[in-house]
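J.: Fold the following for me, if possible:
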Amino acid sequence: MASHATVRHYLACWFQAGKGVVYGQEIWRPQVVTQAGQYSPEFNALWQEMEQRGLQHFYLAGTEVSLAQLCSDAWDIATCSRCTMPVPIKVAGIMTEPCPCADLDLWPNLELPLPHGAVDSQAHLTQVQARLHQ
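T.: Below is the predicted model:
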């Protein structure tokens, strides 16, 4: 089962790759996903709006699995063997859908930094500094 935090990370990565979330006939996508080592206020506001409207109404463009389904026991999020991006996988059964990267031209582009979740650079640097002092 993918937690809400895992699904948020999944969305953050795909938003950075140019994908959006489908809601009816609309596609929602924040302009800024991460900011200062955290998810941006815009991303957080979008997530809250999706939760309020019901995650069952939203899915990543290019997929058919709703965000609510991803949070159920039937689905998990793993790494795509082709592009290393997070992808939904069925816990039991056979996956018949391709990775969401299948419809992105020139993907994966390993010459660019890969999309990622929020990273607290200050905490990471503090850990490196502590190891150097040992």
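J.: which residues of the protein fall in strands?
T.: 21-23, 26-28, 34-35, 38-39, 58-60, 75-79, 86-90 (DSSP state E).
J.: what mean pLDDT does the second one have?
T.: Strand 26-28 shows a mean pLDDT of 97.
J.: Pull up the pairing partners for that strand, direction included.
T.: strand 21-23 (antiparallel) (DSSP bridges).
J.: Go through the strand it pairs with and flag the buried ones.
T.: Applying a neighbour-count criterion of 16 or more other CB atoms under 10 Å, one finds Val21, Val22 buried in strand 21-23. For the C-beta atoms, the positions are set from N, CA and C on the backbone; glycine is no exception.
J.: about what we covered before: closest to Cys101 out of the strands of the chain?
T.: strand 86-90 (8.2 Å; CB to CB).
J.: packing partners for that closest one?
T.: helix 4-16, strand 75-79 (3 or more CB pairs under 8 Å, 6 or more residues apart in numbering; DSSP states H and E).
J.: elements contacting the lowest-mean-pLDDT helix or strand in the chain?
T.: Every helix and strand in the chain was compared by mean pLDDT, DSSP states H and E; the lowest is helix 121-133, with a mean of 80. Contacts defined by 3+ CB pairs under 8 Å, 6+ apart place helix 121-133 against no helix or strand at all.
J.: so how far is it off the chain centroid?
T.: 26 Å (CA atoms, centre = their mean, to the nearest Å).
J.: what does stretch 13-29 give?
T.: Distance, centroid of stretch 13-29 to centroid of chain: 10 Å (CA atoms, centre = their mean).
J.: Contacts made by it with the rest, please.
T.: 11, 30, 33-34, 43, 46, 50, 53, 57-62, 67, 85-86, 100-101, 104, 107, 114-117 (CB atoms under 8 Å, 6 or more residues apart in numbering).
J.: Using PyMOL, make a named selection holding only the buried ones among those.
T.: A single PyMOL command selects the buried members of the contacts of stretch 13-29 (16+ other CB under 10 Å):
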select buried, resi 11+30+33+34+43+46+50+58+59+60+62+67+85+86+100+101+104+107+115+117
